[in-house]
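**Q** I would like to see how this sequence folds:
(chains A and B)
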Amino acid sequence: MTNAPNHDESLPPDLEAIEASLAAEGERLRTEPSTGFEDRLFEACREAVNPAPALIPFPAGNTSGPLRLAAAIAILAGASAFVVWTPGGGPGPMQPGDALSIEELREDVDDFLVFTAGWESAGAAVERERPGPASQFWAEPNEDTLLILEDTL
Amino acid sequence: MWAVNQPTHNPPDQDAGDAARSEPQIDRILRSAQGGSEDAWRQILEQYSRRVYAMVRSRLSRPDLAEEVTQDVFVTVATKLAEGAYSERGRFESWLFRITMNRVRDEARRLARHAQPTDPFQITESAGTSHDAPADEGADPQTVALREAIDSLGPEDRLIVELRHMAQMSFKQIAAHLDTPLGTILARHHRALRKLRTILEHPPTPSPTEHPS
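**A** As a prediction, this is how the structure comes out:
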C-alpha cells in the first residue's frame, strides 16, 4: 500500500516545508534504481524459489564420465535436476532433452572422484572463462561450453 | 515452482496502475505468489521494491550496495513465502520492512568489520547502521544537507522519518510496526521534523579536528 504523506495528522504549518523536502528525497531515492531493477529482483527471487535446472553439455558417445561429473557439479551447485543436452544426438539411452532428477543420479555419481583427475582442468577453464556460480554457468550451455569440454576429452 | 502467467484472480482495475492496495488485496496477491504465480510476484515487486530500496538507500550511500541488499530482502521474502514461513496475515508491510532493517543492520555490521581503521570517515556509525562512503557524492547541496541532517537524528526519530517518507508507510502502519501508540508516533514525527528544520537552518560547524584533509 502506498501512502502519500497527507496532512490529516495535524502537521503544523511551519513543518510543511521540511516534510515536502523529505517527500522529495523519498521520491528521489525510489526513482534511483537503474533500468531493469524489478526484472533483476524478479529473476533473483525466481531462482531462489525454483533453481533453474542445470543444462549439462557433454559430447556424444562418451557419456559416462562427463555425465557423472556433470551430475556432481549440478549437485554441488544445488540444482534440482539437469537436462542432458547432446547437440548432435548420440548413442546410448540418453537423448537430447532427457531430464534426470538429481536423485536418480546420486548413486551413480558416488564414485565421481574417479573422474575428477581428468576433468579438473575443464573445471578450471570453465571457472576462468565464466566465473560465477556453477549453476549459472551450466544453465546456459553454448558453443564455448562445448568447446571447453571437447578440448578436455 | 513458479508458474508462468498464472492469473491472480484480481479484477483488472486493481492490477493496472493502481499503486495503493488494501491489506486483503495484498494478502490475496501473496497467496497467489505462494502458489507460484509469477504475475503475483511481479505485482509484489512493482508495489514494494522501490520503497524497500529507498529505505535501504537511506542508510547505505552506495546505490549498487543498496540494490544488492534490496535483492537479498526480496530473496528472503520469496524463500519464506515458498516455505510457508509467512504467517503475519494483514501485516505484510511490517514484516517486509522488519526484514529490510534486519538486513541493513547485518550489512552495517559487515561494513564496520571491514572498515579501514586509518580512515574513520569512510564508515560512520549511526543508529546501528552505517554509511559506507561519503554521503551522495555528486548530489546537490540541499540533498547532501538533508541527508546529513537525517543521519544526525536519533535512532527512533530517524526510523520514523524513514518509514514515513522513504518506505511510504502510513502513521497507523508505523504505529503497528513499532508497537507504539499512534499519538506517540505523530509526536515523534513532529519532533523529528523540527530537529531536521533546526539542523538545516543552523548546520553544526565542524571542529577543525573533525575532518583532517
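**Q** where does the chain have low pLDDT?
**A** Since no chain was named, I'll use chain A. Residues of chain A meeting the criterion pLDDT under 70: A:1-10, A:50-153.
**Q** Not quite, go with chain B.
**A** B:1-21, B:115-138, B:206-213.
**Q** now with 50?
**A** B:1, B:4-19, B:119-135, B:210-213 (pLDDT under 50).
**Q** mind giving me the domain ranges of it?
**A** What automatic domain parsing lists as the domains of chain B is B:1-131, B:135-203.
**Q** likewise chain A?
**A** Taken from automatic domain parsing, chain A resolves into A:10-50, A:51-152.
**Q** any bit of the shortest one sitting next to chain B?
**A** Yes: shown here: domain A:10-50 in contact with chain B (Cβ under 8 Å from any Cβ of the partner chain) through A:10-12, A:14-15, A:17-19, A:21-23, A:25-26, A:28-34, A:37-38, A:40-42, A:44-46, A:48-50. Every residue, glycine included, has its C-beta placed from N, CA and C.
**Q** Just the buried ones out of those, please.
**A** Among these, the ones that count as buried by 16 or more other Cβ atoms under 10 Å in any protein chain shown are A:11, A:15, A:18-19, A:21-23, A:25-26, A:28-30, A:33, A:37-38, A:40-42, A:44-46, A:48-50.
**Q** and stretch B:68-88, how far out from the chain's middle?
**A** 15 Å (Cα atoms, centre = their mean, to the nearest Å).
**Q** which residues touch the most centrally placed residue in chain B?
**A** Centroid-nearest residue in chain B: B:Met55, 2.3 Å away (criterion: Cα atoms, centre = their mean). Applying Cβ atoms under 8 Å, 6 or more residues apart in numbering or on different chains, we find B:Met55 in contact with B:Phe97, B:Thr100, B:Met101, B:Val104, B:Glu162, B:Leu163, B:Met166, B:Ala167.
**Q** so which of the residues you listed also contact chain A?
**A** Okay, of those touching chain A (Cβ under 8 Å from any Cβ), that's B:Met166.
**Q** Relative to B:Val77, which of the contacts of B:Met55 is nearest.
**A** Closest to B:Val77 out of these is B:Thr100 (9.5 Å), distances taken as Cβ to Cβ.
**Q** Quick check: the closest one is in a helix.
**A** Yes: B:Thr100: assigned to a helix according to DSSP: H, G, I helix; E, B strand; the rest coil.
**Q** correct me, but it touches B:Val52?
**A** Yes: using Cβ atoms under 8 Å, B:Thr100 is in contact with B:Val52, at 5.2 Å.
**Q** what is in contact with the two at once?
**A** B:Val73, B:Ala167.
**Q** residue ranges of the strands in chain B, please?
**A** Under the criterion DSSP state E, chain B contains strands at B:124-126, B:129-131.
**Q** what residues are up against B:Arg57?
**A** A:Leu29, A:Glu32, B:Pro63, B:Ala66, B:Met166.
**Q** redo that, cut-off 10 Å
**A** A:28-30, A:32-33, B:50, B:63, B:65-67, B:69-70, B:104, B:136, B:166 (Cβ atoms under 10 Å, 6 or more residues apart in numbering or on different chains).
**Q** distance of it from B:Val104?
**A** Separation of B:Arg57 from B:Val104 (Cβ to Cβ, to the nearest Å) stands at 10 Å.
**Q** Identify the contacts common to the two.
**A** Common neighbours of B:Arg57 and B:Val104 (Cβ under 10 Å, 6+ apart) are B:Ala66, B:Val69, B:Thr70.
**Q** Run a quick neighbour tally on the second one.
**A** Which is B:Val69. 22 (other Cβ atoms under 10 Å in any protein chain shown).
**Q** Isn't it up against B:Arg103?
**A** Yes: using Cβ atoms under 10 Å, B:Val69 is in contact with B:Arg103, at 5.5 Å.
**Q** overlap in contacts of the two?
**A** Common contacts of B:Val69 and B:Arg103, defined by Cβ under 10 Å, 6+ apart, comprise B:Val52, B:Val56.
**Q** Leaving out the residues flanking it, which one is nearest to B:Glu162?
**A** B:Ser58 (5.1 Å; Cβ to Cβ, 6 or more residues apart in numbering or on different chains).
**Q** Also A:Pro12?
**A** That would be B:His190: by Cβ to Cβ, 6+ apart, it lies 6.7 Å from A:Pro12.
**Q** for A:Glu32, same thing?
**A** B:Pro63 is the one closest to A:Glu32 (Cβ to Cβ, 6+ apart), at 6.1 Å.
**Q** Please give me every residue in contact with that neighbour.
**A** A:Leu29, A:Glu32, A:Pro33, A:Ser34, B:Tyr53, B:Val56, B:Arg57, B:Asp136.
**Q** cool, B:Trp41 as well?
**A** So B:Trp41 contacts A:38, A:41-42, A:45-46, A:49, B:2, B:6, B:8, B:29-30, B:32-34, B:74, B:77-78, B:81 (Cβ under 10 Å, 6+ apart).
**Q** before we move on, the earlier item: from the shared contacts of B:Arg57 and B:Val104, which single one is nearest chain A?
**A** B:Thr70 (7.0 Å; Cβ to the nearest Cβ).
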